[in-house]
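1. Mind looking at a prediction? Sequence and model below.
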Amino acid sequence: MADSISMKKLVTRLLGVVVAMFVFGFALVPIYDVMCKAFGINGKTAGQYEGEQTVDTSRQVRVQFLSTNNIDMPWDFYPKHDELTANPGAVNEMIFIARNPTDKPMSAQAVPSIAPSTAAAYFHKTECFCFTQQVLQPGQQIEMPVRFIVDRDMPKDVKHLTLSYTLFDITARHPPVAVNTGG
Amino acid sequence: MSAVIDDHGHADHAHGPAKGLMRWVLTTNHKDIGTLYLWFAFCMFLLGGSFAMVIRAELFQPGLQIVEPAFFNQMTTMHGLVMVFGAVMPAFVGLANWMIPLMIGAPDMALPRMNNFSFWLLPAAFLLLVSTLFTAGGGPNFGWTFYAPLSTTYAPESVTYFIFAIHLMGISSIMGAINVIATILNLRAPGMTLMKMPLFVWTWLITAFLLIAVMPVLAGCVTMMLMDIHFGTSFFSAAGGGDPVLFQHVFWFFGHPEVYIMILPAFGAVSQIIPTFSRKPLFGYTSMVYATASIAFLSFIVWAHHMFVVGIPLVGELFFMYATMLIAVPTGVKVFNWASTMWQGSMTFETPMLFAVAFVILFSIGGFSGLMLAIAPADFQYQDTYFVVAHFHYVLVPGAIFGIFASAYYWLPKWTGHMYDETLGKLHFWLSFVGMNLTFFPMHFVGLAGMPRRIPDYNLQFADFNMVSSIGGFMFGATQIFFLFIVIKTIRGGPPAPAKPWDGAEGLEWSVPSPAPYHTFTTPPEVK
Ligand code: HEM
Ligand SMILES: [Cu+2]
């Protein structure tokens, strides 16, 4: 055909599309994270919060705590209390307890999530055991604090929050070397 | 460009094919390769079908009778994988290889050597995949959608072979697609403008673009799995900061366009067949082309309708719900055009037409159940039930598979030089029609009543419908052996087929004798 471009050029362009789409597949990973952060949509909380806020005594929010062990995770893992009532702006604390009942040292990672997910952006942790990994010796038990501030600007229709942790066994990936009680 | 097609320079040696087995191993002839693809697809259809028979036998009655649940999971997984990647996709590539050069007046595919390679990757890939069933830990058991972490953290050892097999299939499809695009864009006969191309060629061109856009994403997806499993990354592992929901986004970004990859060529084939047997030109040719293109475009922005229950935000649910419903518009245009083509035509119902008309009606049922699933709040109920199974089997069996059957009967005279036995063909149609409806229609009801998919046992209340499904399934399965018999019978003999066996047919493929000579259009035809 007179108007067709050369075969070599065409095939090169098509291969270019293939490579670009392969790269795009991997680009979906950061795109996903950015979208989730920007819209606060998957209940993931941000890292350590440095700010301070004044307390809003006129409003109260019920915060519930959940702990789940991922499959095959043998630790005992639970919050000291099921829930507390928080004033937006104030710093609250909850203690979680973890115990390694096995006869081997193990390491673990807790992954937090907030429901409803739209509130995740308004839930600030000033300190959390989920920022680090926990290493427990056989039979060892620790108390792990999480401190948080519920943002004053959290939408008024949210009266009830759930902070849930899933505890993962990461011994295989991060062999427990040092004796470190986490924090 | 001519350097590529003149490969088997026809000036100095004989025109016929080489002799013996090496003809098939080394062939670069588009007709040979098309035949290889079609036979391969048929073998995979029988293999995937036998897995389905195991599933239906286990589900014949409630309780666990025949297979272990672990093996049942491997059967559902392998059935899906083999049917999607082994049967439907290669069958369409086979049809493309055979028919596209004949339809656009090209002497062969644009890249004949690559064509040979892309075919031979497939047997290797499926040997690898199927062999995992015989390994100690068993084959893939995580469903054809292979959601992480089922397919990563909790996968059997054989998952690595699975990943490698997917890579090979992906490379094969990508090369096949590049070949189709290059052929269509560069090798059309003089006068064959884009808007004169037969619809089968158009739909394949668009399918090929979908393939090169999403198969690399699938390759990326399984590569990430491979890295999570063997190299300690955490793309999909929450423990390491990744996210299993990300897997579903990446998978369905491939997965939804993939379902259109499996249906668009069937749209094209049916758009050839219905005008032939209605003895009228296709109604709304231009709108067909645009409808196909818009379906392909929309297929990129609806993927999360498979993920309504993972916890996406309300705006997301709404966006994906409306975008999905929008697809029904161009799809409706197509169904309308097919119906209008038949309207007041002087129709006859030879076997290809029977399959094509059944395609239009039954595919529409699948489209309607798709619309029900697209309603996000309703899907909360339907997700992961047999209703979804009913939906996609209605679009895939009387959709993709009937499209392939219709094409096979339509072009068998051209391929073999013989007419198939019309009575047997009609019998094949009616047995398939009854069998598939018996199998899949009751699944709507058990699904709405809450029967979950991919489970080897079920509540007593579902017993009767499941028995009907199983009986229909066995019937449909056995019927396909009968199809094999019909095809072999046609190859071996039968009334000689004229160049144009269908009086209403149009197109260049009917201008060459039947069976089509080994080399056709070595001098391009003139298209007015
Ligand atoms: C009007 C057109 C269509 C609409 C609105 C539609 C909608 C949907 C929706 C919402 C789902 C997700 C259901 C769930 O998991 O809860 C679904 C699943 C599915 N659809 Fe469709 N669909 C349409 C056409 C098609 C076509 C043409 C095909 C293939 C030829 C197809 C193949 C599938 C498959 C394979 C699944 C299930 C995937 C799985 O979970 O294993 N659909 N469809
Ligand atoms: Cu979809």
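-> Okay, I see it. Numbers count the residues shown, from 1 in each chain, chains lettered A, B, ... in the order given. Ligands and ions are numbered 1, 2, ... in the order given.
2. any idea what sits nearest the closest residue to ligand 1 within the stretch 1-150 of chain B, other than its immediate chain neighbours?
-> Closest residue of the stretch 1-150 of chain B to ligand 1, CB to the nearest ligand atom: B:Thr145 (5.2 Å). In short, each C-beta sits where N, CA and C put it, glycine included. Distance criterion CB to CB, 6 or more residues apart in numbering or on different chains; nearest residue to B:Thr145, sequence neighbours excluded, is B:Phe251 at 6.3 Å.
3. Pretty sure that neighbour sits in a strand.
-> No. B:Phe251 sits outside any strand when classified using DSSP: H, G, I helix; E, B strand; the rest coil, being helix.
4. got the contact list for it?
-> By CB atoms under 8 Å, 6 or more residues apart in numbering or on different chains, B:Phe251 lies in contact with B:Thr145, B:Phe146, B:Tyr147, B:Leu218, B:Cys221.
5. Got the confidence number for it?
-> pLDDT for B:Phe251: 97.
6. Show me what from chain B comes close to ligand 1.
-> By CB under 6 Å from any ligand atom, the residues of chain B that approach ligand 1 are B:145, B:259, B:262-263, B:305-306, B:324, B:327-328, B:331, B:367, B:370-371, B:373-374, B:379, B:382-383, B:388, B:391-392, B:395-396, B:399-400.
7. Among the residues you listed, which ones are in helices?
-> Using DSSP state H, the subset of the residues of chain B next to ligand 1 located in helices is B:259, B:324, B:327-328, B:331, B:367, B:370-371, B:373-374, B:379, B:382, B:388, B:391-392, B:395.
8. got a list of what whichever residue of the stretch 351-500 of chain B sits closest to chain A touches?
-> Of all residues in the stretch 351-500 of chain B, the one sitting closest to chain A is B:Ala376 (15.4 Å; CB to the nearest CB). Contacts for B:Ala376 (CB under 8 Å, 6+ apart) come out as B:His305, B:Phe308, B:Glu317, B:Leu318, B:Phe320, B:Met321.
9. how does it look with 6 Å?
-> B:Phe308, B:Glu317, B:Met321 (CB atoms under 6 Å, 6 or more residues apart in numbering or on different chains).
10. interface residues of chain A facing chain B?
-> A:1, A:4, A:6-7, A:10, A:14, A:17-18, A:21-22, A:25-26, A:28, A:32, A:41, A:109, A:111, A:168, A:170 (CB under 6 Å from any CB of the partner chain).
11. Okay, and which of these map to helices?
-> Using DSSP H, A:Met7, A:Leu10, A:Leu14, A:Val17, A:Val18, A:Met21, A:Phe22, A:Gly25, A:Phe26, A:Leu28, A:Tyr32 are the members of the residues of chain A next to chain B that sit in helices.
12. Neighbours of the fifth one, how many?
-> Around A:Val18 there are 22 other residues, counting by other CB atoms under 10 Å in any protein chain shown.
13. list the contacts for it?
-> Each residue near A:Val18 by CB under 6 Å, 6+ apart is listed here: B:Ile174, B:Ile212, B:Pro216.
14. pLDDT score assigned to A:His174?
-> With respect to pLDDT, A:His174 scores 81.
15. What segments of chain A are strands?
-> Using DSSP state E, the strands of chain A run over residues A:61-69, A:76-79, A:83-86, A:91-99, A:106-115, A:123-127, A:134-136, A:141-150, A:160-169.
16. quick one: B:Leu59 and B:Val468 touch, right?
-> No. In this structure, B:Leu59 is not within contact of B:Val468 by CB atoms under 6 Å, at 11.0 Å.
17. what about whatever residue of the stretch 351-500 of chain B ends up closest to ligand 1, neighbour count?
-> Per CB to the nearest ligand atom, B:Gly370 is where the stretch 351-500 of chain B lies closest to ligand 1, at 2.6 Å. As a burial measure, B:Gly370 scores 21 neighbours (other CB under 10 Å).
18. Find the residue closest to B:Leu438 in space, skipping its chain neighbours.
-> Leaving out its chain neighbours, the residue that sits closest to B:Leu438 by CB to CB, 6+ apart is B:Gly472, at 2.6 Å.
19. Tell me who's in contact with A:Asp72.
-> So A:Asp72 contacts nothing (CB under 6 Å, 6+ apart).
20. If we use 10 Å, what do you get?
-> By CB atoms under 10 Å, 6 or more residues apart in numbering or on different chains, the contact list for A:Asp72 reads A:Phe168, A:Asp169, B:Thr153, B:Tyr154.
21. Quick check: beta-bridge partners of the second one?
-> In other words, A:Asp169. Note on A:Asp169: beta-bridge partners A:Ala108, judged by DSSP bridges.
22. Just give the number of residues close to the closest residue to chain A within the stretch 401-528 of chain B.
-> When distances are taken as CB to the nearest CB, the stretch 401-528 of chain B reaches nearest to chain A at B:Pro524, 9.6 Å away. Look at B:Pro524: counted by other CB under 10 Å, it has 17 neighbours.
23. From B:Gly170, how far off is the closest residue to chain B within chain A?
-> Scanning chain A for proximity to chain B using CB to the nearest CB identifies A:Gly25 as nearest, at 2.6 Å. According to CB to CB, to the nearest Å, A:Gly25 and B:Gly170 sit 11 Å apart.
24. So between those two, which is more surrounded?
-> Between A:Gly25 and B:Gly170, counting by other CB under 10 Å, B:Gly170 is the more crowded of the two (26 against 22).
25. what residue lies at the spatial centre of chain A?
-> The centroid of chain A falls nearest to A:Pro112 when counting by CA atoms, centre = their mean (3.8 Å).
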